[in-house]
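S.K.: Task: produce atomic coordinates for the following.
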Amino acid sequence: MKDVLKKIQEIINNVAKEAYQDTKEEPPPQFGGTPKWPINCTVGPGLEGAIACESKIGYVNGAKGWLVYRGYNIFDLCANSTFEEVSYLLLHGDLPKQTELDQYKKKLFEYSHLNKTLRQLMGFPVEEMSAMGALRLGADLLRQELTSYDRVDDLPKTIDAISSDEDSFAMETPPKGAKHATFEFKIHKSKQRRKRVFARETALESCYHLIAGVSTIIGAVSRIHHSSMPLEPRSDLSFAGNLLYMITGKEPSPVEEKIMDISLILHADHGMNASTFSTMVVASTLADIYFAVGSGIAALSGALHGGANEAVINSLKEIGSVENVKPWVEKRLSKKKKISGFGHRVYKAYDPRARVLGPLADLLVKEKPEFTHLYQVAQELEKTAMAAMGKEKKIFPNVDFYSGIIYTFLGIDDELFTPLFAASRVAGWTSRVFEYVENNRIFRPRAVYIGDFDQKYKSIEKR
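M.R.: Numbers count the residues shown, from 1 in each chain. Below is the predicted model:
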């Protein structure tokens, strides 16, 4: 195991050096430092370019190919850390000490046992549902395992809210950038209890519960889809090891376990993407964290957000052989069709996550010679596509190109690729919600009205 870890560390340290060398001439980071509100920025359709909040959690620099969590670059974390440490870092702001890590691991292991949730889940026709559909259902059922949020006597009272929605202000009024949230919940006092709608300790427990529980649900869905019973997590396996074990029913090798762990680290956070923003919008209303994460899962189920790595595998199977790569690429480009797994909305340099996963796929295929042919097709596709688009158009392989390949090598079905994204990203979703609601302000962007003003009502007989 130590030899495996050392080899993987060397691989990642080498790609880190290449990354810094390739982008050393690129400009310094932007959007850093404490902003002065209100902020002037250029906003495109879909809120592109809008600045919604401040965060210390994650930072992406597309020009340099940087991905940073809490000040730590992704290469350093992948080479030396674990998903347990990284998810703790995202939530708490610091890497854990040994006693903190031990306690956190214990919590995750305890919360990965979901007997009640899985019994409820198996009462539905999961075998007929898509993996993402089953995961959305499972996440909703999960909230009943630890909470009493749906009990009538535990719902937040409307009177506790200072104001319920920003519509209490005329929308023609420009935002002032107030220092304090206009819409926050007061502390509720009574003889029996002192309660706040956002209670830090309770919220943290729910975050732990979600990080652990989503993975268990994914494992259960995989097993049910293969007409098998869900498996209990094992105390001798890491978080990543248990995820693989609960999905495949096989104990992973040290290489498989570590590469799965790195994949989880790489997907844990990535700025204000659609699923993260969806999660935060729902949480900003002070809906509970389970409903917020459920909205993130729903956003991720859309074809424009999740699913690109599935498309990569389909492309490789469609190409079929190394000899077919060049004509396949030429045909796609001549028809101005996208090549799945290449290009990124943010990165104009090589995606740092793909830099890490690429050589790890090479390492893994040595353990899985049955996938050699598929990997050779992938290598030729990268080479050919890069020659056509790389330097000139700055279109490089992204994380989806290699993540799907690695998941296939790990024996994971295509339908689980997007749920695995959620298994990792739930750490980022919960961390950003936990950070944001400490100084919460309900999200309320505006729309530009382009309709008529002078329409006159006509009775139905005259229409």
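
S.K.: Please make it C-alpha for all contacts and neighbour counts, starting now.
M.R.: Will do.

S.K.: quick one: the helices in the stretch 51-200 of the chain?
M.R.: Listed in chain order, the helices of the stretch 51-200 of the chain (DSSP state H, counting those that start in this stretch) span residues 74-80, 83-92, 98-111, 115-121, 131-146, 200-225.

S.K.: tilt between the third one and helix 131-146?
M.R.: Orientation note: helix 98-111 sits at an angle of 110 degrees relative to helix 131-146 (axes from the mean of the first three to the mean of the last three Cα atoms, to 10 degrees).

S.K.: Please spell out which residues along helix 98-111 are buried.
M.R.: Residues of helix 98-111 classed as buried by neighbour count (16 or more other Cα atoms under 10 Å): Tyr104, Lys105, Leu108, Phe109, Glu110, Tyr111.

S.K.: Count the neighbours of Lys17 for me.
M.R.: Lys17 is surrounded by 11 other residues when neighbours are defined as other Cα atoms under 10 Å.

S.K.: follow-up on the earlier one: ok, of the buried residues of helix 98-111, which one's closest to Ser206?
M.R.: Minimum distance to Ser206 across these is 9.6 Å, recorded for Tyr111 (Cα to Cα).

S.K.: If we ignore the residues flanking it in sequence, what's nearest that closest one?
M.R.: In space, and not counting its chain neighbours, Tyr111 is closest to His209: 5.3 Å by Cα to Cα, 6 or more residues apart in numbering.

S.K.: Same question for Leu141.
M.R.: Using Cα to Cα, 6+ apart and skipping the chain neighbours, the partner closest in space to Leu141 is Thr117 (5.8 Å).

S.K.: now do Phe277
M.R.: In space, Phe277 comes closest to Gly296 once its chain neighbours are excluded; the distance is 7.8 Å by Cα to Cα, 6+ apart.

S.K.: Quick check: that neighbour touching Thr276?
M.R.: Yes: in this structure, Gly296 sits in contact with Thr276. The criterion is Cα atoms under 8 Å, and the distance is 6.1 Å.

S.K.: Which neighbours do the two have in common?
M.R.: With contacts taken as Cα atoms under 8 Å, 6 or more residues apart in numbering, the residues that reach both Gly296 and Thr276 are Trp429.

S.K.: Wait, a helix at Phe434?
M.R.: Yes: when DSSP: H, G, I helix; E, B strand; the rest coil is applied, Phe434 is found to be in a helix.

S.K.: Quick check, pLDDT for it.
M.R.: Per-residue confidence at Phe434 stands at 92 (pLDDT).

S.K.: circling back: model confidence for the residue nearest to Tyr111, exactly?
M.R.: Listed pLDDT for His209 reads 95.

S.K.: about what we covered before: got a markdown table for the buried residues of helix 98-111, with distance to Val126 and pLDDT too?
M.R.: What follows is those, written out as a markdown table (distance: Cα to Cα, whole Å; pLDDT from 0 to 100):
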| residue | distance to Val126 | pLDDT |
| --- | --- | --- |
| Tyr104 | 31 | 97 |
| Lys105 | 29 | 97 |
| Leu108 | 25 | 97 |
| Phe109 | 24 | 97 |
| Glu110 | 24 | 96 |
| Tyr111 | 22 | 96 |
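
S.K.: If we only consider these, which is nearest to Asp94?
M.R.: Of those, the one sitting nearest to Asp94 (Cα to Cα) turns out to be Tyr104, at 13.2 Å.
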